[in-house]
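Novice: With the input below, show me the fold.
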Amino acid sequence: MPSYEWSHEHNAFVKACPSCQEVYVGANTEVESIEVFKKDFRYNAKWSDGFHASCTDCRITSTLKWRGAKIGYGDKKRMFVQQKGLCPICGCEMIYRGKSTSPKTACIDHDPETGDVCGLICNLCNLALGHFDRNVTRLKQAILYLTRIKRRV
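Specialist: I've put the predicted structure just below:
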């Protein structure tokens, strides 16, 4: 169902994602439900309810699949729970779904060559790995550089 509808079972408006089959429960008024759905669905004027049919997680997953990542719908949520919401690189508490510009937003890290999903890392660490082209030698050189200049200061 591409739009939200009233559910007697939940006594609220609901919107289902056709990709992951998850049912998102809004509120008991349409106006409040729209505010709730804004957190899980992106705006799209083409749909009758003003939202994309698929939830934001599934849209991101579809994009990653298109880029070659081996990921299934719902994998991000499972990884977030397994990692207890912590970035394995810097240890910060990640935000499950934040703005793409937020440094603590959880990003799905995957190997661009194989498509294998490595896990979730925060946006800041994701950007850092990207700037170093995921090159271990360059990262080691950066660590050596930082160690040298730290001794001088």
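Novice: Give me the buried positions along the top helix by length along the chain.
Specialist: Scanning the chain for the longest helix, with DSSP state H as the assignment, gives helix 136-152. Applying a neighbour-count criterion of 16 or more other C-beta atoms under 10 Å, helix 136-152 contains no buried positions. Placement of C-beta: from N, CA and C, glycine included.
Novice: swap in stretch 95-106?
Specialist: 95, 97, 103, 104, 105, 106.
Novice: In strands only, show me these.
Specialist: residue 106 (DSSP state E).
Novice: Flag the least confident of the buried residues of stretch 95-106.
Specialist: For these, the model is least confident at residue 97; its pLDDT is 76.
Novice: how about low-confidence regions in the protein?
Specialist: 1-2, 67, 98-100, 153 (pLDDT under 70).
Novice: mind running it again at 50?
Specialist: Within the chain, the ranges that satisfy pLDDT under 50 run 1-2.
Novice: can you count the residues close to residue 41?
Specialist: Residue crowding around residue 41 was assessed by other C-beta atoms under 10 Å; the count is 24.
Novice: Chain neighbours aside, what residue packs nearest to it?
Specialist: Spatial nearest neighbour of residue 41, chain neighbours left out: residue 51 (3.9 Å); criterion: C-beta to C-beta, 6 or more residues apart in numbering.
Novice: looking at the sheet around that neighbour, what are its partners?
Specialist: With DSSP bridges as the criterion, the beta-bridge partners of residue 51 are residue 43.
Novice: who's in contact with residue 76?
Specialist: Listed by C-beta atoms under 8 Å, 6 or more residues apart in numbering, the contact partners of residue 76 are 57, 60, 61, 106, 108, 120.
Novice: ok, the residue nearest to residue 41 touching residue 39?
Specialist: No: taking contacts as C-beta atoms under 8 Å, residue 51 lies outside contact range of residue 39: 10.8 Å.
Novice: and those two? which has more neighbours close in?
Specialist: The neighbour count for residue 51 versus residue 39, taken as other C-beta under 10 Å, is higher for residue 51 (23 against 10).
Novice: host element of residue 77?
Specialist: Of the helices and strands defined by DSSP states H and E, residue 77 is found in helix 75-82.
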